[in-house]
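Trainee: okay, here's the prediction I keep looking at, along with the sequence it came from:
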Amino acid sequence: MNDKWRVACNEHKLAKYTGVKLLKKLALLLCFISLVSSCTPASRAQSDTHWYDALPRASWSEYDFIDTKQNWFEVYQLNENTYAIYEPYQWQEAISYLLIGSEKAMLVDTLQGIGDLKSVVEQLTNLPVIVVNTHSHFDHVSGNYQFDDIYGMDNTFTLDNAKGHDHSVNAGNMTADTFWKNVPENFSADTYENKPYEISKYLRDGEIIDIGDRPIEVVFTPGHSPDSLVLIDKNNRMMMTGDSFYPAPLYVYSATSSFRDYANSVQTMLKYQSDVDFLLPGHNETMQPASYLAKLHAATLAVQDGRTPSTIGDNANHTYQFEGFSLIVKKPLDY
């Protein structure tokens, strides 16, 4: 979800957060009229209808909350050796996963670099940690700089993002209306940047990373981005899907996206449906049923065949609505 903000502010919010900006303007006017000197985004949030009013999402209550003595991330234990590290207080609602093996731990994505992710991970395990990114968009790699052992793809897109980005690149993703809770004391949206990191090992499609009695298969799934991948944990019957699937609008419209690649990748993911029970997405909610893979495959076919009507948003992107998710694509399809 790297370059989606400006377009997504129109398309995603139309689908998900309708009317937020108008309500914020109204709140500002009311604050002015009543001469309330403390008219801050936090105080407005209490009286307006916002995207985060639906939070906490009910599904998270199904899992054990782990208190890690900090106020930015929420940590949930999904099973005996798997944790979800969730960022509910920023618009992206990004999710990282910590997989514990007998010899190592694997951290799947490192979120946006807002909170101290490393300190949270160290509370959950004392094993050596390797980082594997489902792709290199900023909201999945911006905490990479805190870790030493990072596995990634050997391609131009990944390597360019590993160099980091200055404040100008992602400043639009850190505006006041993207937050609904005070950020950590040492974080400033005004100076936000994506720090560089070094890749210690290049991944191969189909390789197995064994973290000790827990083999994780790497499957390349380009489409959302050129370096997207999913991770298959057959022992625990889980697939970490990153942005290849999550239960919300799915973005396949950027300059570096390819619907053709995405449709082929969905077909590849579908081959693993009998090996997994749950999909662990990179945003919003965790532990989605693997039956979504068949639905996602059917959706890509429907888009290709023109059987499903679409709505046209900014930049002529087309949004196709399906049960539990939607696809936002650019036209004409590169298929």
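Mentor: Received it, and whenever you're ready, just let me know what you need. The shown structure was predicted, so the numbers you read here are calculated from the model rather than taken from an experiment.
Trainee: tell me how many other residues crowd the nearest residue to Asp149 once chain neighbours are set aside.
Mentor: Distances taken as CB to CB, 6 or more residues apart in numbering put Ile130 closest to Asp149, at 4.6 Å, once the chain neighbours are dropped. Just so you know, the C-beta spots here come from the backbone N, C-alpha and C atoms, and that holds for glycine as well. Neighbour count for Ile130, taken as other CB atoms under 10 Å: 22.
Trainee: one more: Gly212?
Mentor: When counting by other CB under 10 Å, one arrives at 12 neighbours for Gly212.
Trainee: and it, that's in a helix?
Mentor: No: counting by DSSP: H, G, I helix; E, B strand; the rest coil, Gly212 is not part of a helix but coil.
Trainee: my guess is it meets Met106, correct?
Mentor: No: counting by CB atoms under 8 Å, Gly212 stays clear of Met106, with 10.2 Å between them.
Trainee: hmm, back to that, go ahead and confirm the residue nearest to Asp149 touches Met106.
Mentor: Yes: here Ile130 reaches Met106: they are 5.5 Å apart, a contact under CB under 8 Å.
Trainee: which residues do those two both contact?
Mentor: 209, 211 (CB atoms under 8 Å, 6 or more residues apart in numbering).
Trainee: over to Gln304. Which of the three states is it?
Mentor: Gln304 ends up helix, using three-state DSSP.
Trainee: where's it relative to Gly164, distance?
Mentor: Using CB to CB, to the nearest Å, we find Gln304 at a distance of 37 Å from Gly164.
Trainee: who's more crowded, these two?
Mentor: Comparing Gln304 with Gly164 by other CB under 10 Å, the one with more neighbours is Gly164, at 17 against 13.
Trainee: spatially nearest residue to the more buried one (excluding sequence neighbours)?
Mentor: Using CB to CB, 6+ apart, the closest residue to Gly164 is Pro196 (3.6 Å).
Trainee: what about Val169, distance to Asp160?
Mentor: To Asp160, Val169 is 11 Å away according to CB to CB.
Trainee: ditto for Ala58
Mentor: Distance, Ala58 to Asp160, using CB to CB: 39 Å.
Trainee: for Val131, what are its contacts?
Mentor: Going by CB under 8 Å, 6+ apart, Val131 touches 106-107, 109-110, 144, 147, 149-151.
Trainee: quick check: pLDDT value at it.
Mentor: Val131 carries a pLDDT value of 98.
Trainee: helix/strand/coil for it?
Mentor: Quick answer, by three-state DSSP: Val131 is strand.
Trainee: hang on, the earlier thing: turn the contacts of Val131 into TSV, including pLDDT, secondary structure and neighbour count.
Mentor: Output for the contacts of Val131, formatted as TSV (pLDDT from 0 to 100; DSSP: H, G, I helix; E, B strand; the rest coil; neighbours: other CB atoms under 10 Å):
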residue	pLDDT	secondary structure	neighbour count
Met106	98	strand	23
Leu107	98	strand	28
Asp109	98	coil	27
Thr110	98	coil	26
Asn144	98	helix	28
Phe147	98	coil	17
Asp149	98	coil	16
Ile150	98	strand	21
Tyr151	97	strand	17
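Trainee: could you identify the most distant pair in those residues?
Mentor: The span of these, defined through CB to CB, is set by Asp109 and Asp149 at 14.5 Å.
Trainee: and Pro281, bridged to which residues?
Mentor: Bridge pairing for Pro281 (DSSP bridges) gives the partners Gly242.
Trainee: from what I see, it and Gln288 are in contact.
Mentor: Yes: using CB under 8 Å, Pro281 is in contact with Gln288, at 6.2 Å.
Trainee: can you pull the pLDDT of Ala54?
Mentor: We note a pLDDT of 76 for Ala54 in this prediction.
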